[in-house]
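K.L.:
make a model of this:
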Amino acid sequence: MDTIKNYVETLFLEFPKTKEVLRAKQEILTIMEDHYLALIDEGKSEHEAIGQVISEFGSVDELREELEFASREKEPENGINEDEMYQYLTERKKDAMGLSLGISGCLLAVGALIGLGIRGSEMMGFLLFFVMIAISVGIIIYNGMQFSKNNSELNDRYIPIDTNKEAQKLKKGYQKSFQVSLVFGICLCVLSISPIFFFQMFTYAEYGIPVMFFFLAIGVFLIIYGSINYNSFDKFIKEKYFIADEDELGPNAMQAKYGDSARTKHLLERVYWPIVVMIYLGWSFLSGAWGMSWMIFVMAGIFYSVLEAIFVKK
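P.N.:
Residues are numbered from 1 along each chain as shown. Prediction:
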């Protein structure tokens, strides 16, 4: 009997634990156990009965198709299709490029300022510095806004099984590129100090500082660009509903993640921290103990984790 139970458990390992799947699992187990007992009553040995029950069970592939079809019938109609996912990933790649260039541009601006300062062109250095910073910050702000816009368009929409599987496939295909960009980026950041020692051999150590920022800019670009693209796939893999902002879950994502505790979690987020801020300001103004009152936030953070562990079940 245990052999049959283990067989059924193994058979259903790959399926999500939905009500439909659990019900089908229990029905199959009951049918197989009844058939096993009937064969035992007919005089079959235990091994013969188990072998016959399993052999007469039918095709495992057919069961998979039936269960997957049954689970897909319940999927919400506004699910994110693969075309929308590809469009999102394409836009995200553009935003990642812009954010990476913007941050790297800020590092290059510092390097240009120091390099021109060494050559005695301080005014030119400051001018180039502010121009590059202005352009870089503008790029960061623009792409950051586009980043939020692309997220909000898909927020709280269901992620179908097909879209999830395609995202997993794409992530696996991008993994090697991510590893290369991460390794080269970290190596460049670590080796960025080497130009200083190189130029010091010729008694021009200060010239190594601008080169150091150049190395840092390239390394940071590779790390940020690769990381943003790689993590983009997780938006369609880790959750059932698309989450634009981890700190601001939509109603569907909240329900899927916290179940019956979703309302408690929502209430805790909306009420708890405003009360903490009110207590902090009240105590600080009344007692004048501004140097100590900030400890309220430390205690509140610990207490929040305790409340979440007690009342919110994931």
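
K.L.:
show me where the stretch 151-300 of the chain has helices.
P.N.:
Assigned by DSSP state H, counting those that start in this stretch, the stretch 151-300 of the chain shows helices spanning 161-191, 194-200, 208-232, 251-258, 262-287, 290-293, 295-311.

K.L.:
quick one: low-confidence ranges for the protein?
P.N.:
1, 13-18, 20, 57-77, 203-205, 245-263, 265-266, 311-314 (pLDDT under 70).

K.L.:
centre-most residue in it?
P.N.:
Closest residue to the average C-alpha location of the chain: residue 234 at 4.7 Å, with Cα atoms, centre = their mean.

K.L.:
check which residues of whichever strand or helix holds residue 88 are buried.
P.N.:
Assigned by DSSP states H and E, residue 88 belongs to helix 82-118. By 16 or more other Cβ atoms under 10 Å, the buried positions in helix 82-118 come out as 84-85, 88-89, 91-92, 95-117. In this view, the C-beta of every residue, glycine as well, is placed from N, C-alpha and C.

K.L.:
quick check: domain ranges of the protein?
P.N.:
2-73, 82-236, 251-311 (automatic domain parsing).

K.L.:
and the gap between the residue of the chain most remote from its centre and residue 49?
P.N.:
Residue distances from the centre of the chain (Cα atoms, centre = their mean) peak at residue 43, which lies 56.9 Å from the mean C-alpha position. Per Cβ to Cβ, to the nearest Å, residue 43 is found 10 Å from residue 49.

K.L.:
do residue 182 as well
P.N.:
56 Å.

K.L.:
same question for residue 110.
P.N.:
Relative to residue 49, and taking Cβ to Cβ, residue 110 is found at 78 Å.

K.L.:
what of residue 208?
P.N.:
80 Å.

K.L.:
for residue 4, see how far away residue 39 is.
P.N.:
Taken as Cβ to Cβ, the span from residue 39 to residue 4 is 11 Å.

K.L.:
can you check which residues contact both of these two?
P.N.:
Contact with both residue 39 and residue 4 is made by residues residue 53, according to Cβ atoms under 8 Å, 6 or more residues apart in numbering.

K.L.:
show me where the stretch 1-150 of the chain has its helices.
P.N.:
Going by DSSP H, counting those that start in this stretch, the stretch 1-150 of the chain shows helices at 2-11, 19-41, 46-55, 60-73, 82-118, 122-154.

K.L.:
buried deepest among those helices, which one?
P.N.:
Most buried of the helices of the stretch 1-150 of the chain, by mean neighbour count (mean count of other Cβ atoms under 10 Å): helix 82-118, with a mean of 19.

K.L.:
show me what contacts residue 162?
P.N.:
Residue 162 makes contacts with residue 82, as judged by Cβ under 8 Å, 6+ apart.

K.L.:
which of the helices of the stretch 1-150 of the chain sits closest to residue 218?
P.N.:
Of all those, helix 82-118 sits nearest to residue 218, with 7.1 Å by Cβ to Cβ.

K.L.:
tell me what that closest one is packed against?
P.N.:
Where contact means 3 or more Cβ pairs under 8 Å, 6 or more residues apart in numbering; DSSP states H and E, helix 82-118 is packed against helix 122-154, helix 161-191, helix 208-232.

K.L.:
the second one to helix 82-118, inter-axis angle?
P.N.:
Between the axis of helix 161-191 and that of helix 82-118 there is an angle of 10 degrees, by axes from the mean of the first three to the mean of the last three Cα atoms, to 10 degrees.

K.L.:
for helix 161-191, which positions count as buried?
P.N.:
163, 164, 166, 167, 170, 171, 174, 178, 181, 185, 188, 189.

K.L.:
and if you look at the shortest one?
P.N.:
Under the neighbour-count criterion of 16+ other Cβ under 10 Å, helix 208-232 has 208-230, 232 buried.

K.L.:
so how far is that helix from its chain's centroid?
P.N.:
Offset of helix 208-232 from its chain centre (Cα atoms, centre = their mean, to the nearest Å): 21 Å.

K.L.:
to residue 12, which of the helices and strands packed on helix 82-118 lies closest?
P.N.:
Taking the helices and strands packed on helix 82-118 one by one with Cβ to Cβ, helix 161-191 is closest: 16.0 Å.

K.L.:
between the closest one and helix 208-232, how many degrees?
P.N.:
170 degrees.

K.L.:
distance between helix 161-191 and the chain's centre?
P.N.:
13 Å.
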